[in-house]
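>>> sequence first, then the predicted structure:
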Amino acid sequence: MEINSKIIKELQADYGEAFYLLDSAQFRQNFTELKAAFNAIYPHSNIAYSYKTNYTPKLCRIVNEMGGYAEVVSEMELEIARRVGCAANRIIWNGPIKNVTVMEQFLLDGGTVNIDSREELDVVRGIGQRHSDAVLHVGLRCNYDVADGVVSRFGFDVDGADFREAFDFVTSANNLKLINLQCHFAKRQIDYWPARAQGMVDLLKRLDFIPERIDIGGGLYGKMADDLRAQFSGKIPDYASYAKAAATVFADYFKANGVQPELLIEPGSAVVGDCMKFLATVKTIKQVRGKWFATVMGSQKNISMTGINPPIEVVAMGGERRHYADLDFVGFTCIEGDVLHRNYTGDLALADVIVISNCGSYSLVMKPPFILPNFPVLDISEGKTEVIKRGETFDDLFHTFNF
Ligand SMILES: Cc1ncc(COP(=O)(O)O)c(C=O)c1O
């Protein structure tokens, strides 16, 4: 996706001084490449896209068109999946708390609910009793140690009595089908990927059971520029390395079995992280006790990146530039820590535009209505300018309050 001062000027004229650029072409490419990497080792692999990471309807629709599943964690996300045309049997509902009424209808429609707790098992038990003539598809969220130092709060401890009870119940009830065993581990380092796969295989062996789908969750790094890569300790694996680390374990295990259940991963960041940029116009440049600050029409809240200095490009827009050292690009909010990028050294003029890359995951979906409504999202990656989300207005945010 090419961005230059001419393109930016045209977009500013129509959409204002700050906006996101969505790269849906890149998203399609990432989806294809990641799926191909897993398919090369384990042919029956697929992607269940993590909606929470970036639930922009256009992206969700692309996933559905490309044959992926929707991985949702709330009735809100379930509604998005429905509205972009996902059939219920292409939707997997994870998450610790689910609306019971919506869950009941979803199960009757043929969707998969991954049960997260004993309490939820009881709810499913009740739904099953109320609909003895329906076949309900359920999964179990499995929790085991992958030596990542985290005691996760999600799902059933596979060594506990609750898991055994849940497994026995869903495999013995006439109208429940245990279609899915699922796990997710948040740490993205490749070191934990063989362990998550092996943990699942060990469980299958112990249970002497093969579900239709094995879902090993998300938690993969995506593609990133070298300056971002350099800020992480350790190597950033590529798609093929994750596939090698995990899919090989299943390929080996099922080689002799004559069956190959579908292997799912639930990426969010890995497919969408590099598919969004945030552009913000420089409004003021000042020096305070020797330190330079440029305030932009934009905020750290727009990009939600913490703990790293995001990749930045500064586009000259025609103003008279001078050289700065260690300048911080700061946001429109009144928070001291609202810094989009630290210690920029280079040329800058008022009205220049900063372009922050790699802000496709956990950005738009986590932007609070703090100080200002959010900016528009545009997609220029497919040869035209498509408004993905118009800029928010005062009324968008305040119509739920009583004045
Ligand atoms: C169950 C589940 N699946 C998938 C994801 C996506 O994770 P990521 O964006 O890190 O790949 C998450 C993130 O929290 C998750 O909780």
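Alright, I've got the coordinates.

>>> which residue, neighbours along the chain excluded, lies closest to Cys334?
Ile371 (7.0 Å; C-beta to C-beta, 6 or more residues apart in numbering). Glycine gets a C-beta too; all of them are placed from N, C-alpha and C.

>>> what of Ile8?
Nearest one to Ile8, counting by C-beta to C-beta, 6+ apart, is Val353 at 5.3 Å.

>>> need the contact list for the one you found.
Going by C-beta atoms under 8 Å, 6 or more residues apart in numbering, Val353 touches 5, 8, 12, 279-282, 314-315, 317.

>>> and the stretch 101-250 of the chain, which residues reach the ligand?
184, 186, 217-220 (C-beta under 6 Å from any ligand atom).

>>> apply 5 Å and report the result again.
184, 217-219 (C-beta under 5 Å from any ligand atom).

>>> starting at the chain centroid, how far to the biggest strand by length in the chain?
Determined from DSSP state E, the single longest strand within the chain is strand 276-288. How far strand 276-288 lies from its chain's middle: 27 Å, per C-alpha atoms, centre = their mean, to the nearest Å.

>>> buried ones in that strand?
Residues 276-282, 285 are the ones in strand 276-288 that count as buried (16 or more other C-beta atoms under 10 Å).

>>> where does the prediction get shaky in this protein?
By pLDDT under 70, the chain has no low-scoring segment.

>>> can you name the residue of the stretch 301-403 of the chain nearest to the ligand?
When scored by C-beta to the nearest ligand atom, the stretch 301-403 of the chain has Ser361 as its residue closest to the ligand, at 5.6 Å.

>>> and the nearest residue to that residue once chain neighbours are set aside, backbone torsions?
Nearest residue to Ser361, sequence neighbours excluded (C-beta to C-beta, 6+ apart): Ser269, at 4.0 Å. Phi and psi for Ser269, reported as degrees, to the nearest 10, are phi -50, psi -40.

>>> burial count for Ser269?
The tally of other residues near Ser269 (other C-beta atoms under 10 Å) stands at 21.

>>> got the buried residues for stretch 104-114?
Result for stretch 104-114 [16+ other C-beta under 10 Å]: buried residues 104, 106-107, 111-114.

>>> likewise for stretch 52-63?
52-56, 59-63.

>>> how about stretch 380-399?
380-381, 388-389, 391.

>>> how about stretch 143-152?
Those would be 143-144, 146, 148, 152, for stretch 143-152 by 16+ other C-beta under 10 Å.

>>> also stretch 290-308?
Buried residues in stretch 290-308 (16+ other C-beta under 10 Å): 292, 294-305.

>>> try stretch 307-317
So for stretch 307-317, counting by 16+ other C-beta under 10 Å, buried means 310-312, 314-315, 317.

>>> same check, this time on stretch 211-220
211, 213-220.

>>> ok, back up a step: widest-spaced pair of the buried residues of stretch 143-152?
Distances among the buried residues of stretch 143-152 were taken as C-beta to C-beta; the most separated pair is Asn143 and Asp148, at 12.2 Å.

>>> mutual contacts of the two, please.
Joint contacts of Asn143 and Asp148 (C-beta under 8 Å, 6+ apart) do not exist.

>>> quick one: the residue of the chain most remote from its centre from Tyr69, how far?
Farthest-out residue of the chain from its mean C-alpha position, per C-alpha atoms, centre = their mean: Arg289, at 40.7 Å. The span separating Arg289 from Tyr69 equals 54 Å under the rule C-beta to C-beta, to the nearest Å.

>>> could you do Thr333 as well?
37 Å.

>>> so between the two, which is more surrounded?
Comparing Thr333 with Tyr69 by other C-beta under 10 Å, the one with more neighbours is Tyr69, at 23 against 15.

>>> partners of the residue nearest to Ile8 in the sheet?
Per DSSP bridges, residues listed as beta-bridge partners of Val353: Thr281, Val315.

>>> follow-up on the earlier one: how is the residue nearest to Cys334 assigned, secondary-structure-wise?
Here Ile371 is coil, with the state taken from DSSP: H, G, I helix; E, B strand; the rest coil.

>>> may I have the phi/psi pair for Ala48?
Per-residue torsions, Ala48: phi -110, psi 100 (degrees, to the nearest 10).

>>> quick one on the thing from earlier: could I get the buried residues of stretch 380-399 as JSON lines with distance to the ligand and secondary structure?
As requested, those are exported to JSON lines (distance: C-beta to the nearest ligand atom, whole Å; DSSP: H, G, I helix; E, B strand; the rest coil):
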{"residue": "Ile380", "distance to the ligand": "25", "secondary structure": "coil"}
{"residue": "Ser381", "distance to the ligand": "21", "secondary structure": "coil"}
{"residue": "Ile388", "distance to the ligand": "20", "secondary structure": "strand"}
{"residue": "Lys389", "distance to the ligand": "20", "secondary structure": "strand"}
{"residue": "Gly391", "distance to the ligand": "26", "secondary structure": "coil"}
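
>>> farthest-apart pair in those residues, please.
Farthest-apart pair in the buried residues of stretch 380-399 is Ser381 and Gly391; separation 19.6 Å (C-beta to C-beta).

>>> now do the helices in the stretch 1-150 of the chain.
5-15, 24-41, 57-65, 75-83, 100-109, 118-130 (DSSP state H, counting those that start in this stretch).

>>> leaving out chain neighbours, which residue sits closest to Tyr324?
Trp292 (5.0 Å).

>>> circling back to that earlier point, quick one: contacts for the residue nearest to Cys334?
299, 332-334.

>>> same check, this time on Ile236
221, 224, 229.

>>> make JSON lines from the helices of the stretch 1-150 of the chain and add distance to Asp395 to it.
Formatted as JSON lines, the helices of the stretch 1-150 of the chain follow (distance: least, C-beta to C-beta, whole Å):
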{"stretch": "helix 5-15", "distance to Asp395": "19"}
{"stretch": "helix 24-41", "distance to Asp395": "28"}
{"stretch": "helix 57-65", "distance to Asp395": "21"}
{"stretch": "helix 75-83", "distance to Asp395": "21"}
{"stretch": "helix 100-109", "distance to Asp395": "28"}
{"stretch": "helix 118-130", "distance to Asp395": "38"}
